[in-house]
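Participant: Here is my input; please provide its structure:
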Amino acid sequence: MPVKKKRNYRVEYDRYHSKPKQRKNRSMRNKARRKLKLKVGDKREVDHKRPLSKGGTNAKTNIRIVRRKSNRKKYNK
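Facilitator: Numbers count the residues shown, from 1 in each chain. Predicted coordinates for the structure are as follows:
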């Protein structure tokens, strides 16, 4: 069995998550959660019918609440 390399979360954040585009996307996802009144720790997620990555918005007609499993299965299709 291969040895798993320990993740360096600081480097991962610096290289990806701290980029302006990713920060904007995270902000958009958080706004959608607030709009649908989902609390921290809620097992449901906001699903964007048209993904933010493909030009979707946080309009009420584009967001809905779904189970985590079904949202992760969909990804950005």
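Participant: Tell me, what's the model's pLDDT at the residue nearest the centre of the chain?
Facilitator: Most central in the chain under CA atoms, centre = their mean is residue 29, positioned 5.7 Å from the mean C-alpha point. Listed pLDDT for residue 29 reads 87.
Participant: from now on call the first residue 47
Facilitator: All right, first residue 47 from here; so that's residue 75.
Participant: Contacts for whichever strand or helix holds it, please.
Facilitator: Using DSSP states H and E, residue 75 maps to helix 66-81. The contact list for helix 66-81 (CB atoms under 8 Å, 6 or more residues apart in numbering) reads 62, 63, 92, 94, 98, 99, 104, 106, 109. C-betas here are computed from N, CA, C, even on glycine.
Participant: do the same with stretch 54-63
Facilitator: Stretch 54-63 is contacted from outside by 68, 69, 72, using CB under 8 Å, 6+ apart.
Participant: How about stretch 99-111?
Facilitator: 71, 74, 77-78, 81-82, 84, 90-96, 122.
Participant: three-state assignment of the closest residue in space to residue 90 that isn't next to it in sequence?
Facilitator: Spatial nearest neighbour of residue 90, chain neighbours left out: residue 111 (5.0 Å); criterion: CB to CB, 6 or more residues apart in numbering. Under the three-state scheme (DSSP: H, G, I helix; E, B strand; the rest coil), residue 111 adopts strand.
Participant: Share the number of residues neighbouring residue 111, please.
Facilitator: 15 (other CB atoms under 10 Å).
Participant: who does it bridge with?
Facilitator: With DSSP bridges applied, residue 111 shows beta-bridge pairing to residue 92.
Participant: so how far is residue 52 from it?
Facilitator: 35 Å (CB to CB, to the nearest Å).
Participant: next one: residue 119
Facilitator: From residue 119 to residue 52 the distance is 29 Å (CB to CB).
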